[in-house]
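1. Sharing a model prediction with you, sequence too.
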Amino acid sequence: MNQRYGWQAFVPATAFPGGADNPRFCQPRPRPLRPTAGVTLIELLVGVVLLSMLSLGLLFALNIGITTYQKAQSKLMDNRRVAGAQRIIEQELAGLVPVVTTCGATPEGGGTKEQFFQGEPEVMRFVSNFSLQGAWCGQPQILEIFIIPGSNGGVRLVVNEIPYLGPQSAGRLCAGQRKYLPVSAAPTSFVLADKLAFCRFSFLDQPEDQSLPLAWYPRFVGPTWPRAVRIEMAPMVPDPSRLQPASILAPIHVYRHPEIQYGDF
């Protein structure tokens, strides 16, 4: 039988007929040992390089994903801001309060009674039940919606809110018949739309000749209130991938005449 000593295998000569003279008998041959399991330096370097390339690819993919998310989030916030501003303007006009005040009054009295509504190509001033802070549940506010130059060119649409404390508080802003004090931006002014190429107001009113149809005027001089207000605006740099400021058409559901006395019967 075979016996192993170290790394050589020996077969005794007596196992063959004729002993060592038998041609089948051969001298013991060395048998190589099995290689020991392990990793060479080249294999280790290749593994490190592959792991580094995989980590670098994951880093690039993560960076692209974060950048895409930030761009999408920025576009979403811009779209929400534009849609929210348009909704605010529509609700402010929908909440118009038909206030009749005395314009040009002095401590001794005098003045003329007329509706409180300033409608010019770049300025609107009226009383509304809707406000930015209290929405429909807050105190009525005197709203000053006007256009000012933008910081980076173009124009911007802003609004001021002044608490309405009665017809006298509105009359302080009225300097005379169809004359109002100038408006100015303040740190509390809220920007409704920015980076506009242009922005202008127009008002739908009935001409003096009642037989003529309603028409749009850049300045409102009617005896009551306009039938609708149109705000035309356009962005400085059109971007089809974002929601752009668009023109607003808001009807005014007020038909009260300032010279008619209304009462509950």
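-> Perfect, I can see it now.

2. Output the below-cut-off pLDDT ranges for the stretch 151-265 of the chain.
-> Along the stretch 151-265 of the chain, the model assigns pLDDT under 70 to residues 256-265.

3. same check, this time on the stretch 1-150 of the chain
-> In the stretch 1-150 of the chain, residues with pLDDT under 70: 1-38, 105-110.

4. Could you list every helix and strand that the longest helix seen in the chain packs against?
-> The longest helix of the chain (DSSP state H) is helix 41-94. Packing partners of helix 41-94 (3 or more Cβ pairs under 8 Å, 6 or more residues apart in numbering; DSSP states H and E): strand 141-149, strand 190-205, strand 248-251. No exception for glycine: its C-beta is placed from N, CA and C like everyone else's.

5. quick one: buried residues of the following helix or strand past that helix?
-> Using DSSP states H and E, the helix or strand that directly follows helix 41-94 along the chain is strand 100-103. Within strand 100-103, the residues scored as buried using 16 or more other Cβ atoms under 10 Å are 101, 102, 103.

6. Any chance of the residues you listed in JSON lines with distance to residue 203 as columns?
-> Output for the buried residues of strand 100-103, formatted as JSON lines (distance: Cβ to Cβ, whole Å):
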{"residue": "101", "distance to residue 203": "19"}
{"residue": "102", "distance to residue 203": "23"}
{"residue": "103", "distance to residue 203": "19"}
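
7. Quick check: residue 113 touching residue 104?
-> No: taking contacts as Cβ atoms under 8 Å, residue 113 lies outside contact range of residue 104: 10.2 Å.

8. hang on, the earlier thing: quick one: work out the angle between the longest helix of the chain and strand 141-149.
-> 120 degrees (axes from the mean of the first three to the mean of the last three Cα atoms, to 10 degrees).
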